[in-house]
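> Have a look at this prediction, sequence included:
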Amino acid sequence: MTTQPVMTTPGAGTPVALRYALMPVDGNGIAVATVAAMLDNDAGGAAARVLAPGEVLPYGTVPVLVTDTTVYGVQRLEETLLRWGPLPKPWLVWVADAPARPVQDARFTVRALEGRLAGVARLPYLPVLRAVKGPDEALEYKDVQAAAARLRRTIEGK
């Protein structure tokens with residue numbers, strides 16, 4: 001992966017640099033789209049967006065890897081980090097796929113990989129994601145809004 005400069009302009013006409021570049025590790029589903037909307041925080045896609053496969057990491061953005069709490073997802077995370085190269089350390093958003101804690105193998109692997117990550121933000125299981133048509137609809141729910149606020153605080157270090 002390489003980086004390139006990028007500047008986007010939201011509807012307000014004020015230039016805003018892309019802040020978060022999301023990379024799904026094990027597939028692009030509703031969880032990835034919702035994490036992107038959570039980090040974008042009503043900026044119209046100017047602050048956070050999901051990168052297309054093979055797309056260059058925009059210069060100055062915070063790379064964010066998104067995966068679920070399955071062993072498969074964590075194995076794909078490990079493969080991604082083995083090929084990561086000289087880019088800035090990415091954040092991991094670890095999305096719970098069930099209302100239980102991750103299995104032991106997944107927890108131990110993520111703990112072993114923490115040295116290669118800028119940090120790990122855990123997103124709780126959000127059952128509403130199974131019943132919504134998109135991330136905008138999901139963000140109407142209080143539990144999703146609360147999880148979004150916690151996610152932004154964690155990644156921004158506040």
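Done, it's in. This one's a predicted model, so the numbers in the text were calculated from it and none came from an experiment.

> Which strand or helix spans residue 67?
Counting by DSSP states H and E, the element that carries residue 67 is strand 62-68.

> ok, which stretches of this protein are strands?
Listed in chain order, the strands found in the chain under DSSP state E are 3-4, 20-24, 48-50, 57-58, 62-68, 91-95, 119-123.

> Just the buried residues of the last one, please?
Looking back up the chat, that one is strand 119-123. 121, 122, 123 (16 or more other Cβ atoms under 10 Å). (Each C-beta comes from the backbone N, C-alpha and C, glycine too.)

> Skipping adjacent residues, who's closest to the second one in space?
Translated: residue 122. Closest residue to residue 122 apart from its sequence neighbours, by Cβ to Cβ, 6 or more residues apart in numbering: residue 94 at 5.0 Å.

> swap in residue 134?
residue 33 is the one closest to residue 134 (Cβ to Cβ, 6+ apart), at 6.8 Å.

> any idea how far the one you found is from residue 137?
Here residue 33 is placed at a distance of 11 Å from residue 137 (Cβ to Cβ, to the nearest Å).

> can you check residue 45 too?
Distance from residue 45 to residue 137, by Cβ to Cβ: 16 Å.

> Alpha carbons only: can I get the longest helix seen in the chain in CSV?
Longest helix in the chain by number of residues, with DSSP state H as the criterion: helix 142-156. Written as CSV, here are the backbone C-alpha positions of helix 142-156 (Å, rounded to 0.1, in the frame of the first residue of the first chain):
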residue,chain,number,x,y,z
LYS,A,142,-29.8,5.2,20.8
ASP,A,143,-27.6,2.1,21.4
VAL,A,144,-25.9,2.7,18.0
GLN,A,145,-25.4,6.4,18.7
ALA,A,146,-23.9,5.6,22.1
ALA,A,147,-21.5,3.0,20.5
ALA,A,148,-20.6,5.6,17.9
ALA,A,149,-19.7,8.2,20.5
ARG,A,150,-17.6,5.6,22.4
LEU,A,151,-15.8,4.6,19.2
ARG,A,152,-14.9,8.2,18.3
ARG,A,153,-13.7,8.9,21.8
THR,A,154,-11.5,5.8,21.8
ILE,A,155,-9.9,6.4,18.4
GLU,A,156,-9.5,10.2,19.0
